[in-house]
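[1] sequence below, structure please.
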Amino acid sequence: QVQLVESGGGLVQAGGSLRLSCAASGRTFNTYPMGWFRQAPGKEREFVAACSWSGGSTYYADSVKARFTISRENAKNTVYLQMNSLKPEDTAVYYCAVSERRLGVPLNRHEYNYWGQGTQVTVSS
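    Numbers count the residues shown, from 1 in each chain. Below is the predicted model:
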C-alpha cells in the first residue's frame with residue numbers, strides 16, 4: 001500500500017523558516033516527478049513546487065520563487081521543501097504528491113496520482 005507522510009509543519013513567525021519532509025513507502029518513486037501543493041481555507045489546492053525524478057529540474061510557483069527550495073533524496077524515497085522568509089499568506093495545509101507521468105514534470109494537481117495527508121503551516125504576522 002502506497003503511503004506518503006508529510007512532516008515538519010508548524011507555527012512560525014513571519015520571516016522564519018520551516019523544512020517539510022515527505023517520506024514515501026510501499027513503492028519506490030525514484031523514477032517519478034514529485035511535487036508540493038498547498039490549500040488555504042476556502043481556496044483551491046494550488047501548485048507550490050515540483051521536481052524531476054533526479055531533482056535536477058525544479059519548478060516553482062511565482063509566489064514562492066527565491067524563498068522555497070524543493071529537493072529529494074531518492075535513496076530515502078523522500079522529498080523536501082525548504083521554506084524561508086515565510087509570509088502570512090503562506091499559511092495553508094501543505095501536501096506532497098507523486099506523479100506517474102513519464103515525461104516532463106507536471107504542474108497541474110490533476111496529473112498527480114498519490115497524495116499525502118497534509119501538514120499544517122501557519123505563519124503569524
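[2] which SSE is Val79 in?
    Assigned by DSSP states H and E, Val79 belongs to strand 78-83.
[3] what's the average pLDDT for the helix or strand just after that strand?
    Downstream of strand 78-83, the next assigned helix or strand under DSSP H and E is strand 92-98. Mean pLDDT, strand 92-98: 98.
[4] likewise stretch 22-35?
    For stretch 22-35, mean pLDDT is 92.
[5] buried residues, it. List them.
    22-24, 29, 32-35 (16 or more other CB atoms under 10 Å). For glycine as for every other residue, the C-beta is placed from the backbone atoms N, C-alpha and C.
[6] quick one, what contacts Tyr114?
    For Tyr114, the contacting residues are 2, 4, 24, 29, 97-98, by CB atoms under 8 Å, 6 or more residues apart in numbering.
[7] just the CA trace of the strand holding Val79, in CSV.
    Written as CSV, here are the backbone C-alpha positions of strand 78-83 (Å, rounded to 0.1, in the frame of the first residue of the first chain):
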residue,chain,number,x,y,z
THR,A,78,11.9,11.4,0.4
VAL,A,79,11.2,14.8,-0.9
TYR,A,80,11.8,18.1,1.0
LEU,A,81,10.5,21.6,0.8
GLN,A,82,12.7,24.2,2.5
MET,A,83,10.7,27.4,3.1
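[8] elements contacting it?
    Identification of packing neighbours for strand 78-83 by 3 or more CB pairs under 8 Å, 6 or more residues apart in numbering; DSSP states H and E yields strand 18-25, strand 34-39, strand 46-51, strand 68-73, strand 92-98.
[9] fine, thanks again, bye for now.
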